[in-house]
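Enquirer: got a structure for you, letters missing:
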């Protein structure tokens, strides 16, 4: 009987000690290692719960939209580590290799063959930061590249120049409204906009005001820019404006006020909307 009691007591003590040991090791932050290319070489760096936190200033989502032919400034200087200083910053861009430093000026220059959202180019970027303990943290983002110019056409907005002409009437009282749609709604980040229209006017014709609107998915028309013209003005029509915040638009609308005794002609080969990021 006494022997059985000693055996039971011994097993209980063993279980208690085993549990304490497991709890103790679970509290330890034992890092796993991962092979990451830094400085052009493969390095084994530790990645675990206490990893440094990579931060790209102004970017808090996994995918962002930018306009083609711009330079995107990426700043990771606000990245931090709770237990040490960050000593390495590495940026991986697609398969183009690695760039080092707290900041990266990424020149966007992609070939765009379609204005369909699903067919727009996407750039992959991964930021890896390593602290003085050799512990790494990583952040991945995708950059969708939007066209920086849409040409006007009879069929809507196009990324290709249309060698076509359309004749329209100017309604003196109600004004004339032209609508140009996208194949699908698109997310436009804040930007500056320039509308250029090559309009062949007759001798007895005059345009007094042109307004540019963005069309939302709900059917609302949001005013983007406006320009008034005087009797002495000649040449192409140009309207400047801006998209002030991230906007999901399905097209643009141009409202023209003026008069003409006969129809005027729009040369679509020289009529477009340009988009450029704020400085």
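Expert: Perfect, I can see it now. Keep in mind the model is a prediction, meaning the values are calculated, not measured.
Enquirer: which stretches in the stretch 1-150 of the chain count as helices?
Expert: 2-27 (DSSP state H, counting those that start in this stretch).
Enquirer: which stretches of it form strands?
Expert: According to DSSP state E, counting those that start in this stretch, the stretch 1-150 of the chain carries its strands in the segments 32-38, 41-47, 63-67, 71-75, 86-93, 98-100, 103-107, 122-131, 136-146, 149-153.
Enquirer: against which helices or strands is the fourth one packed?
Expert: Strand 71-75 sits against strand 103-107, with contacts defined as 3 or more C-beta pairs under 8 Å, 6 or more residues apart in numbering; DSSP states H and E. C-beta coordinates here come from the backbone N, C-alpha and C atoms, glycine included.
Enquirer: still on that earlier bit, return the most buried member of the strands of the stretch 1-150 of the chain.
Expert: strand 149-153 (a mean of 22; mean count of other C-beta atoms under 10 Å).
Enquirer: mean confidence score for that one?
Expert: Confidence over strand 149-153, taken as the mean pLDDT, stands at 97.
Enquirer: quick one: low-confidence ranges for the stretch 51-200 of the chain?
Expert: For the stretch 51-200 of the chain, applying pLDDT under 70 flags no range at all.
Enquirer: what sits up against stretch 66-80?
Expert: 52-59, 86, 89, 91, 102-110, 112, 125, 127, 129, 137, 143-148, 189, 191, 275-277 (C-beta atoms under 8 Å, 6 or more residues apart in numbering).
Enquirer: off-centre distance for that stretch?
Expert: Counting by C-alpha atoms, centre = their mean, to the nearest Å, stretch 66-80 is centred 10 Å from the centre of its parent chain.
Enquirer: how about stretch 91-98?
Expert: For stretch 91-98, the distance to the chain centre is 18 Å (C-alpha atoms, centre = their mean).
Enquirer: make CSV from the strands of the stretch 1-150 of the chain and add distance to residue 198 to it.
Expert: Formatted as CSV, the strands of the stretch 1-150 of the chain follow (distance: least, C-beta to C-beta, whole Å):
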stretch, distance to residue 198
strand 32-38, 51
strand 41-47, 56
strand 63-67, 23
strand 71-75, 30
strand 86-93, 38
strand 98-100, 42
strand 103-107, 30
strand 122-131, 33
strand 136-146, 24
strand 149-153, 10
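Enquirer: tell me which of these sits nearest to residue 255.
Expert: strand 149-153 (14.1 Å; C-beta to C-beta).
Enquirer: list the strands paired with the helix or strand just after that closest one, with their directions.
Expert: Using DSSP states H and E, the helix or strand that follows strand 149-153 towards the C-terminus is strand 156-158. Strand 156-158 pairs in its sheet with strand 149-153 (antiparallel), by DSSP bridges.
Enquirer: contact partners of the strand it pairs with?
Expert: With C-beta under 8 Å, 6+ apart, strand 149-153 has contacts from 115, 157-162, 164, 180, 182, 197, 266, 268-269, 271-275.
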